[in-house]
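Asker: Show me the folded form of this:
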Amino acid sequence: MARHMKYCRSGRMMALAVLAFMLIPWLGWTVGGTVPQLDGVVDLAGTVVNPFAKEGQTTAHVFLFVAVDCPISNKYNPEVKRLVNEFARRGVRFWLVYPDPETPTEAIRKQVQDFRFEGKVISDRKQELVRKSQVRVTPEAALFSPAGELIYHGRIDDRFPALGVERTQPTDRTLAVALTSFLSGRIVPVKITQAIGCPIPTTP
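Answerer: Numbers count the residues shown, from 1 in each chain. Here you go, the predicted model:
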(Lines give C-alpha, C1' and ligand atoms only; values in the text may rest on other atoms or scores of the structure.)
Protein backbone atom coordinates (compact mmCIF):
# COMPACT_ATOMS: atom_id res chain seq x y z
CA MET A 1 0.00 0.00 0.00
CA ALA A 2 2.84 2.36 0.95
CA ARG A 3 4.61 1.53 -2.31
CA HIS A 4 1.40 2.23 -4.26
CA MET A 5 1.00 5.65 -2.55
CA LYS A 6 4.64 6.46 -3.31
CA TYR A 7 4.12 5.72 -7.01
CA CYS A 8 0.92 7.81 -7.08
CA ARG A 9 2.67 10.80 -5.50
CA SER A 10 5.56 10.41 -7.92
CA GLY A 11 3.18 10.26 -10.88
CA ARG A 12 1.32 13.39 -9.74
CA MET A 13 4.58 15.29 -9.28
CA MET A 14 5.75 14.31 -12.76
CA ALA A 15 2.42 15.36 -14.29
CA LEU A 16 2.61 18.73 -12.52
CA ALA A 17 6.18 19.23 -13.72
CA VAL A 18 5.14 18.53 -17.32
CA LEU A 19 2.19 20.92 -17.00
CA ALA A 20 4.42 23.68 -15.61
CA PHE A 21 6.87 23.20 -18.47
CA MET A 22 4.05 23.51 -21.01
CA LEU A 23 2.76 26.68 -19.36
CA ILE A 24 6.07 28.55 -19.36
CA PRO A 25 5.60 30.13 -22.84
CA TRP A 26 1.99 31.01 -22.03
CA LEU A 27 2.94 32.65 -18.75
CA GLY A 28 5.53 34.74 -20.56
CA TRP A 29 2.73 36.24 -22.65
CA THR A 30 -0.01 36.63 -20.08
CA VAL A 31 1.40 37.35 -16.64
CA GLY A 32 3.81 40.12 -17.35
CA GLY A 33 6.79 37.92 -18.21
CA THR A 34 9.41 38.84 -20.75
CA VAL A 35 7.65 39.17 -24.08
CA PRO A 36 9.64 37.47 -26.86
CA GLN A 37 11.00 39.56 -29.69
CA LEU A 38 9.01 39.20 -32.91
CA ASP A 39 11.80 39.34 -35.45
CA GLY A 40 9.46 39.35 -38.45
CA VAL A 41 7.46 42.43 -37.44
CA VAL A 42 8.84 45.61 -39.00
CA ASP A 43 7.81 49.23 -39.48
CA LEU A 44 7.76 51.06 -42.81
CA ALA A 45 11.48 51.78 -42.50
CA GLY A 46 12.22 48.05 -42.22
CA THR A 47 13.15 48.30 -38.53
CA VAL A 48 12.19 45.36 -36.33
CA VAL A 49 9.42 46.31 -33.91
CA ASN A 50 8.22 44.55 -30.77
CA PRO A 51 4.67 45.88 -30.38
CA PHE A 52 4.37 44.49 -26.86
CA ALA A 53 7.39 46.38 -25.54
CA LYS A 54 6.41 48.63 -22.65
CA GLU A 55 5.83 52.22 -23.68
CA GLY A 56 4.15 54.77 -21.45
CA GLN A 57 0.80 54.06 -19.83
CA THR A 58 -0.50 51.58 -22.38
CA THR A 59 -3.85 50.13 -21.33
CA ALA A 60 -4.39 47.79 -24.30
CA HIS A 61 -3.16 46.93 -27.76
CA VAL A 62 -5.48 46.72 -30.76
CA PHE A 63 -4.13 45.12 -33.93
CA LEU A 64 -6.17 45.83 -37.05
CA PHE A 65 -5.21 43.46 -39.85
CA VAL A 66 -5.76 45.13 -43.21
CA ALA A 67 -4.80 44.83 -46.88
CA VAL A 68 -4.25 47.40 -49.61
CA ASP A 69 -6.29 45.43 -52.16
CA CYS A 70 -9.23 44.28 -50.01
CA PRO A 71 -12.36 46.39 -50.65
CA ILE A 72 -14.03 45.35 -47.38
CA SER A 73 -10.91 46.28 -45.45
CA ASN A 74 -10.75 49.69 -47.11
CA LYS A 75 -14.38 50.42 -46.25
CA TYR A 76 -13.49 50.29 -42.56
CA ASN A 77 -11.25 53.37 -42.66
CA PRO A 78 -13.91 55.68 -41.13
CA GLU A 79 -14.68 53.22 -38.31
CA VAL A 80 -10.99 52.76 -37.55
CA LYS A 81 -10.65 56.54 -37.23
CA ARG A 82 -13.63 56.62 -34.87
CA LEU A 83 -12.07 53.91 -32.72
CA VAL A 84 -8.74 55.73 -32.54
CA ASN A 85 -10.45 59.01 -31.62
CA GLU A 86 -12.56 57.27 -29.02
CA PHE A 87 -9.98 55.09 -27.28
CA ALA A 88 -6.44 56.37 -27.93
CA ARG A 89 -6.94 59.04 -25.26
CA ARG A 90 -7.52 56.17 -22.79
CA GLY A 91 -4.12 54.65 -23.42
CA VAL A 92 -5.07 52.16 -26.13
CA ARG A 93 -2.36 51.66 -28.77
CA PHE A 94 -3.67 51.01 -32.26
CA TRP A 95 -1.64 49.17 -34.88
CA LEU A 96 -2.39 48.72 -38.57
CA VAL A 97 -0.96 45.33 -39.47
CA TYR A 98 -0.26 44.31 -43.06
CA PRO A 99 -0.09 40.51 -42.87
CA ASP A 100 0.77 39.74 -46.49
CA PRO A 101 4.59 39.75 -46.79
CA GLU A 102 4.27 40.23 -50.55
CA THR A 103 2.70 43.68 -50.17
CA PRO A 104 5.22 46.34 -51.30
CA THR A 105 6.20 48.88 -48.67
CA GLU A 106 5.46 51.74 -51.06
CA ALA A 107 1.88 50.51 -51.50
CA ILE A 108 1.46 50.40 -47.72
CA ARG A 109 2.99 53.85 -47.31
CA LYS A 110 0.67 55.34 -49.94
CA GLN A 111 -2.44 53.82 -48.39
CA VAL A 112 -1.49 54.98 -44.91
CA GLN A 113 -0.82 58.47 -46.22
CA ASP A 114 -4.20 58.59 -47.98
CA PHE A 115 -5.89 57.15 -44.91
CA ARG A 116 -4.13 59.52 -42.49
CA PHE A 117 -3.94 56.84 -39.83
CA GLU A 118 -2.57 58.17 -36.52
CA GLY A 119 -1.48 54.89 -34.93
CA LYS A 120 1.43 52.56 -35.59
CA VAL A 121 1.89 50.78 -38.93
CA ILE A 122 3.69 47.45 -39.17
CA SER A 123 4.23 44.60 -41.61
CA ASP A 124 3.94 41.06 -40.28
CA ARG A 125 6.46 39.44 -42.63
CA LYS A 126 6.56 36.07 -40.87
CA GLN A 127 2.88 36.24 -39.84
CA GLU A 128 3.82 35.90 -36.19
CA LEU A 129 1.07 38.31 -35.14
CA VAL A 130 -1.39 36.54 -37.42
CA ARG A 131 -0.85 33.31 -35.51
CA LYS A 132 -0.82 34.89 -32.06
CA SER A 133 -3.96 36.88 -32.86
CA GLN A 134 -5.70 33.86 -34.45
CA VAL A 135 -6.98 35.97 -37.33
CA ARG A 136 -7.95 34.68 -40.77
CA VAL A 137 -9.08 37.62 -42.92
CA THR A 138 -8.75 41.34 -43.50
CA PRO A 139 -10.16 43.33 -41.91
CA GLU A 140 -9.98 41.59 -38.56
CA ALA A 141 -9.15 42.87 -35.09
CA ALA A 142 -7.30 41.49 -32.10
CA LEU A 143 -7.38 43.04 -28.63
CA PHE A 144 -4.50 42.26 -26.26
CA SER A 145 -3.81 43.28 -22.69
CA PRO A 146 -0.57 45.23 -22.08
CA ALA A 147 1.02 41.94 -20.89
CA GLY A 148 0.18 40.20 -24.17
CA GLU A 149 -2.96 38.26 -23.26
CA LEU A 150 -5.40 37.83 -26.15
CA ILE A 151 -8.70 39.30 -24.93
CA TYR A 152 -10.77 39.37 -28.12
CA HIS A 153 -10.36 38.60 -31.80
CA GLY A 154 -12.75 38.77 -34.72
CA ARG A 155 -14.85 41.35 -36.54
CA ILE A 156 -14.62 45.09 -35.96
CA ASP A 157 -18.41 45.29 -36.11
CA ASP A 158 -21.29 43.50 -37.85
CA ARG A 159 -21.56 45.79 -40.85
CA PHE A 160 -20.78 42.80 -43.10
CA PRO A 161 -22.80 39.85 -41.72
CA ALA A 162 -21.83 37.71 -44.75
CA LEU A 163 -19.92 38.00 -48.01
CA GLY A 164 -21.88 40.17 -50.41
CA VAL A 165 -24.12 41.49 -47.63
CA GLU A 166 -23.55 44.97 -46.23
CA ARG A 167 -25.62 46.92 -43.71
CA THR A 168 -25.91 50.68 -43.98
CA GLN A 169 -24.95 50.93 -40.31
CA PRO A 170 -23.68 48.24 -37.93
CA THR A 171 -25.99 47.00 -35.21
CA ASP A 172 -23.10 45.86 -32.99
CA ARG A 173 -19.79 47.72 -32.65
CA THR A 174 -18.18 44.52 -31.38
CA LEU A 175 -14.61 45.74 -30.95
CA ALA A 176 -15.71 48.98 -29.27
CA VAL A 177 -17.84 46.98 -26.81
CA ALA A 178 -14.92 44.66 -26.04
CA LEU A 179 -12.59 47.64 -25.48
CA THR A 180 -15.08 49.45 -23.24
CA SER A 181 -15.61 46.34 -21.14
CA PHE A 182 -11.91 45.56 -20.80
CA LEU A 183 -10.91 49.12 -19.90
CA SER A 184 -13.69 49.25 -17.31
CA GLY A 185 -12.50 46.04 -15.66
CA ARG A 186 -15.55 44.06 -16.73
CA ILE A 187 -15.66 40.67 -18.44
CA VAL A 188 -15.59 41.04 -22.21
CA PRO A 189 -19.02 39.74 -23.28
CA VAL A 190 -17.83 38.10 -26.52
CA LYS A 191 -14.26 36.90 -26.91
CA ILE A 192 -14.37 35.48 -30.46
CA THR A 193 -16.44 36.41 -33.51
CA GLN A 194 -16.22 35.55 -37.18
CA ALA A 195 -14.86 38.32 -39.35
CA ILE A 196 -15.96 38.68 -42.97
CA GLY A 197 -13.38 39.80 -45.50
CA CYS A 198 -10.47 38.78 -47.70
CA PRO A 199 -8.52 35.65 -46.67
CA ILE A 200 -5.01 36.32 -45.43
CA PRO A 201 -2.57 34.44 -47.70
CA THR A 202 -0.52 32.01 -45.65
CA THR A 203 3.23 31.78 -45.83
CA PRO A 204 5.17 28.49 -45.81
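Asker: which sections of this protein are below the confidence cut-off?
Answerer: Scanning the chain for pLDDT under 70 picks out 1-38, 204.
Asker: at 80 what do you get?
Answerer: The chain contains residues with pLDDT under 80 at 1-39, 118, 203-204.
Asker: Got the domain ranges for it?
Answerer: 1-34, 41-199 (automatic domain parsing).
Asker: May I see those arranged in a markdown table, with mean neighbour count as well?
Answerer: No exception for glycine: its C-beta is placed from N, CA and C like everyone else's. Formatted as a markdown table, those follow (neighbours: other Cβ atoms under 10 Å):
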| stretch | mean neighbour count |
| --- | --- |
| domain 1-34 | 10 |
| domain 41-199 | 17 |
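Asker: name the element the residue sitting nearest the centre point of the chain belongs to?
Answerer: Central residue of the chain (Cα atoms, centre = their mean): A142, 3.0 Å from the mean position. Using DSSP states H and E, A142 sits in strand 140-144.
Asker: wait, what's in contact with L179?
Answerer: Residues in contact with L179 (Cβ atoms under 8 Å, 6 or more residues apart in numbering) are A60, V62, L83, F87, V92, L143.
Asker: circling back: roughly how far does the residue nearest to the centre of the chain sit from L175?
Answerer: 9 Å (Cβ to Cβ, to the nearest Å).
Asker: before we move on, the earlier item: tell me the contacts of the residue nearest to the centre of the chain?
Answerer: Neighbours of A142 in contact, by Cβ under 8 Å, 6+ apart: V62, F63, F65, L129, K132, S133, Q134, V135, L150, Y152, H153.
Asker: Name whatever forms a beta bridge with it.
Answerer: With DSSP bridges as the criterion, A142 is bridged to F63, H153.
Asker: D172 against D157, yeah?
Answerer: Yes: using Cβ atoms under 8 Å, D172 is in contact with D157, at 6.1 Å.
Asker: which neighbours does whichever strand or helix holds I122 have in its sheet, and in what orientation?
Answerer: Here I122 sits within strand 120-124, counting by DSSP H and E. Sheet pairing of strand 120-124 (DSSP bridges) gives strand 41-42 (antiparallel), strand 92-98 (parallel).
Asker: Contacts only, for V190.
Answerer: Y152, G154, T174, V177, A178.
Asker: How much space separates it from Q127?
Answerer: V190 is 25 Å from Q127, by Cβ to Cβ.
Asker: How about E118?
Answerer: 25 Å.
Asker: Does D39 touch K126 like I think?
Answerer: Yes: counting by Cβ under 8 Å, D39 does reach K126; the two are 7.4 Å apart.
Asker: residues bridging contact with the two, i.e. touching both?
Answerer: In contact with both D39 and K126: no residue, using Cβ under 8 Å, 6+ apart.
Asker: tell me how far the strand holding I122 is from the chain's mean position?
Answerer: Here strand 120-124 is found 12 Å from its chain centre; the criterion is Cα atoms, centre = their mean, to the nearest Å.
Asker: Name the residues that touch the next helix or strand after it?
Answerer: Using DSSP H and E, the helix or strand that follows strand 120-124 in sequence is helix 128-133. The contact list for helix 128-133, computed with Cβ under 8 Å, 6+ apart, reads 29, 38, 40-41, 51, 63, 65, 97, 99, 122, 124, 140, 142, 144, 150, 153, 200.
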